[in-house]
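Undergrad: structure for this input, please:
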Amino acid sequence: MQTDTEIIQRISQGDVEAYREIIQRYQRMIFVFIYKMVNNAADAEDLTQEVFVKAYEKLSSYRGDSQFSTWLHTLARNRTIDFLRRRKIHESDEQLAYIPSQARDGSPQESLLGKERRQEIARAFEQLSDTYREVIILRCTHEYPFERIASLLGIAESTARVRYLRARQELAKILTRSEGGLVHELPGV
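TA: As a prediction, this is how the structure comes out:
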């Protein structure tokens, strides 16, 4: 398998078909990130496509200072934030994100409780700021280490840790206002 750098070199030499390899390699990662932020598959598909078009257009600006996936993720992040800003203006109370539970319960009662728990988390999650929501998605959904989160967000690793901790604390506050307090479902620092 070729490295990203080798594929990018082929693209820069005019091999347009090589870009398909980049898309196949990163499409799922970008789609999942965007979907978790916008909670709408059609919007996520459109935004993912836009990100890959923009990445192709801007490929010459990729300097190789960071991993290609980090650069691509930054494009996806910026495009998603722009989309969310515009959407907030038009649909201020639409649900923006969702954190699925990792557990799959056996009995119907446990399944119902699990569904209620996921809905409670989703309602609490949508009350978080985009900044907090983003760091939780990167840590919990993508399971990125703080070093990678910091690189993706363009912040110090310590800032990423603090932001994640504050996001968990804010989510805990929101969840304890409702019944239960479900913050234990998020991985710790």
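Undergrad: where do the helices of the chain begin and end?
TA: 4-12, 18-38, 41-58, 68-90, 108-126, 130-136, 146-153, 157-177 (DSSP state H).
Undergrad: mean pLDDT for the ones you listed: which is lowest?
TA: The weakest mean pLDDT among the helices of the chain belongs to helix 108-126, with a mean of 74.
Undergrad: export the helices of the chain to CSV and append columns for mean neighbour count.
TA: Heads up, the C-betas are built off the backbone N, CA and C, glycines and all. Shown next, in CSV, are the helices of the chain (neighbours: other C-beta atoms under 10 Å):
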stretch, mean neighbour count
helix 4-12, 15
helix 18-38, 18
helix 41-58, 16
helix 68-90, 16
helix 108-126, 15
helix 130-136, 21
helix 146-153, 19
helix 157-177, 17
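Undergrad: once you drop chain neighbours, what's closest to the residue most central in space within the chain?
TA: Geometric centre of the chain, nearest residue: residue 33, 3.0 Å, by C-alpha atoms, centre = their mean. Spatial nearest neighbour of residue 33, chain neighbours left out: residue 76 (5.9 Å); criterion: C-beta to C-beta, 6 or more residues apart in numbering.
Undergrad: tell me who's in contact with the one you found.
TA: 30, 33-34, 47-48, 51 (C-beta atoms under 8 Å, 6 or more residues apart in numbering).
Undergrad: again with residue 16
TA: Taking C-beta under 8 Å, 6+ apart, we find residue 16 in contact with no residue.
Undergrad: dihedrals phi and psi, it?
TA: phi -60, psi -30 (degrees, to the nearest 10).
Undergrad: can you pull the pLDDT of it?
TA: pLDDT for residue 16: 85.
Undergrad: gap between it and residue 61?
TA: To residue 61, residue 16 is 18 Å away according to C-beta to C-beta, to the nearest Å.
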